[in-house]
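K.L.:
everything below, folded, please.
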Amino acid sequence: TDTCNLTSCDTIFSNDSSVCSGHGTCIGYNDCVCDANYFGSNCSIVKCNNTFSNSTEVCSGYGSCTHPETCECESPNIGSLCEVTWCFSKYANDSNVCSQRGTCSSLNHCDCFNSTTILGLECESCLIGYKGIFCNETIEETTIIAKLKGPTVMGTCHSIDIDGTESIVGSNETLLYSWFLVSGVDSYLSHLLVTNEKPYIYIPTNISLGSYEIGLRVSTASGLSSTNVYHQFEYVNQTVLTASILGPSSHTSFVSDNFVLYGLAINPCNALNEAPKYLWEQINGSFDALQGISVNQRNLEFVNGFPQYETSYVFKLTTYYENSSLLFSNSSTTTIVK
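P.N.:
Okay, here's the model as predicted:
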């Protein structure tokens, strides 16, 4: 071929099919006349949606403009202009993307409709106190509290009940009870707890001797859940009379509230043939909280509340047999009055 009459563009002779990127005519030295819809000094640039192919914004920034109005998309984007991106396994045009609470603006990035009340990477959660598909419905705070009481000592000849019936929820929902063993080793007791759905647990005498701590959490079908509460008791080879004040070692009450301390006498296995006696005493507190209250009953009840606010009152329960000065037991508890 006689090349003396040929010119070239970008070192490619004008009669080469690849000159001017195959999309134009080389009419002079480095001078391409481009075909329609091709641009640039060597006709290598095209447009997609009126954006040049060498722009970072072409094909929505997620693909390459390889031919006029033809985008090749980067995975996982789809669409004629690669405009449909992907958020957490759903395309942006999916009605369920971003939990129906936001828009998928870029790869795995949800813009929630209301960033104040809608939370989560996928806009999946509502701020506490809000509900609804768009987290724009306020809900009233509902109180849910788990409460436990029971003896702190269990003898080998006595089964015991741990009571959670005073647990409360500030709505009409039914409480669900979840029991669990916190400490102590007894597979039977552990199974007994996790399978129990009642508001109380009956503990028989065939568990192992030792110290135990059990827990209770109450919840509702709507998702309300209390914090865990715990109760400790000792399972011993019972040889002495034992006084026990049910519940935690510290109680809290408001000054005007009806308040009850529950006592229990646990008889030794070789108990005398008589019922134990009870005596309540106040051993701390500036005001006489026991004035006008019967102190010789199993339970100590403050029908009209306490006489005055006090940082703490401490009460002691003594159990004894009237006909044996050798068999008695003491137990004390603290009550904080607000």
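K.L.:
who's in contact with residue 27?
P.N.:
With contact taken as C-beta atoms under 8 Å, 6 or more residues apart in numbering, residue 27 is in contact with 7, 14, 33. C-beta here means a position set from N, CA and C on the backbone, and glycine is covered the same way.
K.L.:
can I get these in TSV with pLDDT, secondary structure and neighbour count?
P.N.:
Compiled in TSV, those are given as follows (pLDDT from 0 to 100; DSSP: H, G, I helix; E, B strand; the rest coil; neighbours: other C-beta atoms under 10 Å):
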residue	pLDDT	secondary structure	neighbour count
7	90	coil	15
14	91	coil	19
33	95	strand	12
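K.L.:
so which of those comes closest to residue 321?
P.N.:
residue 33 (119.2 Å; C-beta to C-beta).
K.L.:
return the distance of the residue nearest to the closest one when sequence neighbours are not counted relative to residue 42.
P.N.:
Counting by C-beta to C-beta, 6 or more residues apart in numbering, the nearest residue to residue 33 once its immediate chain neighbours are dropped is residue 25, at 4.9 Å. Shown here: residue 25 relative to residue 42, a distance of 12 Å by C-beta to C-beta, to the nearest Å.
K.L.:
the more surrounded of those two?
P.N.:
residue 42 (20 against 14; other C-beta atoms under 10 Å).
K.L.:
okay but the more buried one is in contact with residue 18, surely?
P.N.:
No: in this structure residue 42 lies outside contact range of residue 18 using C-beta atoms under 8 Å: 10.2 Å.
K.L.:
which residue would you name as the spatial centre of this protein?
P.N.:
With the centre of the chain defined as its mean C-alpha position, the nearest residue by C-alpha atoms, centre = their mean is residue 225, 8.9 Å away.
K.L.:
what pLDDT does the model give it?
P.N.:
At residue 225, the pLDDT value in this model is 87.
K.L.:
for it, what are its contacts?
P.N.:
If you count contacts by C-beta under 8 Å, 6+ apart, residue 225 has them with 144, 217, 218, 219.
K.L.:
just residue 146 next, same as before
P.N.:
In this structure, residue 146 makes contact with 164, 167, 216, 217, 218, 226, 227, 228, 229, judged by C-beta under 8 Å, 6+ apart.
K.L.:
what is the burial count for the first one?
P.N.:
Under the neighbour criterion other C-beta under 10 Å, residue 164 is assigned a count of 25.
K.L.:
quick check: residue 193 is in a helix.
P.N.:
Yes: secondary structure of residue 193 (DSSP: H, G, I helix; E, B strand; the rest coil): part of a helix.
K.L.:
these two touch, right, it and residue 177?
P.N.:
No: shown here, residue 193 and residue 177 do not form a contact pair, counting by C-beta under 8 Å, at 10.3 Å.
K.L.:
quick check: phi and psi on the closest residue to residue 226 other than its chain neighbours?
P.N.:
Using C-beta to C-beta, 6+ apart and skipping residues adjacent in sequence, the residue nearest residue 226 is residue 146, 4.2 Å away. The main-chain torsion angles of residue 146 are listed as degrees, to the nearest 10 and equal phi -90, psi 140.
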